[in-house]
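# this one's structure only:
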């Protein structure tokens with residue numbers, strides 16, 4: 001009887017192991033299939049990272065919004081945007097609250113452990129915007145400075161991982177515009193974030209003459225899905241390749257960053 005029970009247990013374990021890939025495949029196809037059935041793709045976005053995304057007269061707009069709407073058009077789906085605080089975006093995706101993220105998410109090894117990244121749709125890099133009279137052109141120039149960062153961003157992680165022991169203070173902000181506002185009024189000496197965003201926002205500031213450093217650490221920006229959503233990611237990558245080939249991504253760059261200064 002004991003041998004029979006052990007045999008049954010082994011068979012059950014083997015059956016479960018064999019079934020696991022099939023179950024994972026079914027789950028991976030579900031998100032895309034459900035979106036097609038409903039005609040809607042649920043997309044998470046931080047809503048406060050101009051010019052990639054920001055609120056204008058109560059309406060979400062920006063580079064990522066244009067990208068998402070075009071992706072939806074090519075997929076034959078309506079995009080349902082959900083604006084979520086940046087720090088909660090990954091959790092919103094992994095929990096199933098949204099189907100994908102289109103929100104200027106830069107690739108990091110830590111993020112890639114939690115979610116999948118598409119082929120890059122924008123090339124960027126970590127840099128600093130800084131106060132008049134300063135020259136923060138190298139990462140080493142952060143030493144002894146009061147540095148502003150946005151919570152959960154690659155800029156925050158870069159400063160904490162590489163320069164936390166050298167800076168005077170790290171001040172964390174829930175949204176990028178708040179960090180920039182404190183840079184303008186002098187509450188922080190510099191803000192570390194991605195260079196195109198720094199340049200775009202600083203070019204539109206007329207109160208003080210702020211500087212922008214060269215790129216210190218190159219980064220890729222991609223669209224995110226859950227790791228198991230391989231069918232959805234394949235569809236996204238197919239359309240991104242087409243957008244690259246037909247010039248749509250180049251037109252977005254000209255529209256949103258052509259006047260970055």
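It's in. Predicted model, so just to flag it, every value in this text is computed and none were measured.
# give me the low-pLDDT residue ranges for this protein?
1-29, 259-261 (pLDDT under 70).
# Now for the residue most central in space within it: which residues touch it?
Nearest to the mean C-alpha position of the chain, by C-alpha atoms, centre = their mean, lies residue 105 at 1.1 Å. Residue 105 makes contacts with 89, 111, 117, 221, 222, 223, 224, as judged by C-beta atoms under 8 Å, 6 or more residues apart in numbering. C-beta coordinates here come from the backbone N, C-alpha and C atoms, glycine included.
# can we see that at 10 Å?
Contact partners of residue 105, counting by C-beta atoms under 10 Å, 6 or more residues apart in numbering, are 44, 46, 52, 64, 86, 89-90, 93, 111, 115, 117-118, 152-154, 219-224.
# Now the element after the strand or helix carrying it, going C-ward?
Using DSSP states H and E, residue 105 sits within strand 100-106. Using DSSP H and E, the next helix or strand after strand 100-106 towards the C-terminus is helix 109-114.
# so how far is that following helix off the chain centroid?
Counting by C-alpha atoms, centre = their mean, to the nearest Å, helix 109-114 is centred 12 Å from the centre of its parent chain.
# cool, stretch 180-191 as well?
23 Å.
# how long is it end to end?
7 Å (C-alpha to C-alpha, to the nearest Å).
# For the stretch 1-150 of the chain, which segments are assigned as helices?
Per DSSP state H, counting those that start in this stretch, the stretch 1-150 of the chain carries helices over the ranges 2-38, 63-75, 89-94, 109-114.
# Can you list the buried residues in the last one?
Of the residues in helix 109-114, residue 111 count as buried by neighbour count, 16 or more other C-beta atoms under 10 Å.
# which helices and strands sit right next to that helix?
If you count contacts as 3 or more C-beta pairs under 10 Å, 6 or more residues apart in numbering; DSSP states H and E, helix 109-114 packs onto helix 89-94, helix 154-163, strand 217-225.
# can you list contacts of that helix?
So helix 109-114 is in contact with 90-91, 93-94, 105, 117, 152, 154, 157, 161, 222, 224, 226-227, going by C-beta under 10 Å, 6+ apart.
# got CSV for the residues you listed, with distance to residue 215 too?
Shown next, in CSV, are these (distance: C-beta to C-beta, whole Å):
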residue, distance to residue 215
90, 24
91, 29
93, 27
94, 30
105, 18
117, 19
152, 21
154, 12
157, 16
161, 17
222, 18
224, 22
226, 30
227, 29
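# From the residues you listed, pick the one nearest residue 40.
residue 93 (16.1 Å; C-beta to C-beta).
# ok, that closest one to residue 208 distance?
Noted for residue 93: a distance of 38 Å to residue 208, by C-beta to C-beta, to the nearest Å.
# measure stretch 69-81 end to end?
10 Å.
# tell me how far it is from the chain's mean position?
18 Å.
# The closest residue to residue 152 other than its chain neighbours and residue 206: what is the separation?
Distances taken as C-beta to C-beta, 6 or more residues apart in numbering put residue 87 closest to residue 152, at 4.1 Å, once the chain neighbours are dropped. Distance check for residue 87 against residue 206: by C-beta to C-beta, it reads 30 Å.
# Looking at these two, which has the bigger crowd around it?
residue 87 (15 against 7; other C-beta atoms under 10 Å).
# quick one: the more buried one from residue 153, how far?
9 Å.
# Now the common contact residues for these two.
With C-beta under 10 Å, 6+ apart, residue 87 and residue 153 have common neighbours 46, 172.
# just to revisit the earlier point, I'd like the distance between the residue nearest to the centre of the chain and residue 220.
Counting by C-beta to C-beta, the gap from residue 105 to residue 220 is 10 Å.
# between the two, what contacts are shared?
117, 118.
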